[in-house]
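1. Quick one: sequence plus predicted model below, questions after.
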Amino acid sequence: MEAAQVSVKGQILIPKRIREKCGIKPGSKVLLLESKEGLLIKPAPDNPIEAACGFIQGDFSLTGDLIQEHGTEAHLLHSRSRKATRRRI
């Protein structure tokens, strides 16, 4: 564990050894994550969308869920339109 001092502007200096190990270069972005234990500083991914792919674990299909929901909505709309047609007759 290493310590860093916070400047008047709220800046800290990440020790060179840690910057090199984590691939943090001048201009790099980092993520600041708050937890009960304190503050975690992580290098931000170059492509956040790509980094988020696969973060939800489990056996499910979002596409399948959307298709099923669309089918349910289509069935409801069809049922309502048939009832409205019967009332007009």
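-> Received the coordinates, thanks. Just so it is clear, the structure is predicted and the values come from calculations on it, not from any experiment.
2. can you pull out the strands in the protein?
-> Secondary structure of the chain (DSSP state E): strands at 30-35, 38-43.
3. Need those strands in JSON lines (columns: mean neighbour count, mean pLDDT and distance to Gly10).
-> Where C-beta positions appear, they are placed from N, C-alpha and C, glycine not excepted. Putting the strands of the chain into JSON lines (neighbours: other C-beta atoms under 10 Å; pLDDT from 0 to 100; distance: least, C-beta to C-beta, whole Å) gives the following:
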{"stretch": "strand 30-35", "mean neighbour count": "10", "mean pLDDT": "92", "distance to Gly10": "11"}
{"stretch": "strand 38-43", "mean neighbour count": "11", "mean pLDDT": "91", "distance to Gly10": "12"}
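4. Make JSON lines from those strands and add distance to Lys9 to it.
-> As requested, the strands of the chain are arranged in JSON lines below (distance: least, C-beta to C-beta, whole Å):
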{"stretch": "strand 30-35", "distance to Lys9": "15"}
{"stretch": "strand 38-43", "distance to Lys9": "17"}
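5. And those strands: which comes nearest Ala74?
-> Nearest to Ala74 among those is strand 30-35; the distance by C-beta to C-beta comes to 41.7 Å.
6. Quick one, grab the pLDDT at Leu66.
-> In the prediction, the pLDDT value recorded for Leu66 is 86.
7. Give me the neighbour count for it.
-> Other residues within reach of Leu66 by the criterion other C-beta atoms under 10 Å amount to 10.
8. and the gap between it and Thr72?
-> Between Leu66 and Thr72 the distance, using C-beta to C-beta, to the nearest Å, works out to 11 Å.
9. tell me, what's touching these two both at once?
-> Taking C-beta atoms under 8 Å, 6 or more residues apart in numbering as the contact definition, Leu66 and Thr72 share no neighbouring residue.
10. Let me see the ranges of the helices in the chain.
-> With DSSP state H applied, the chain shows helices at 16-22, 48-52, 62-88, listed in chain order.
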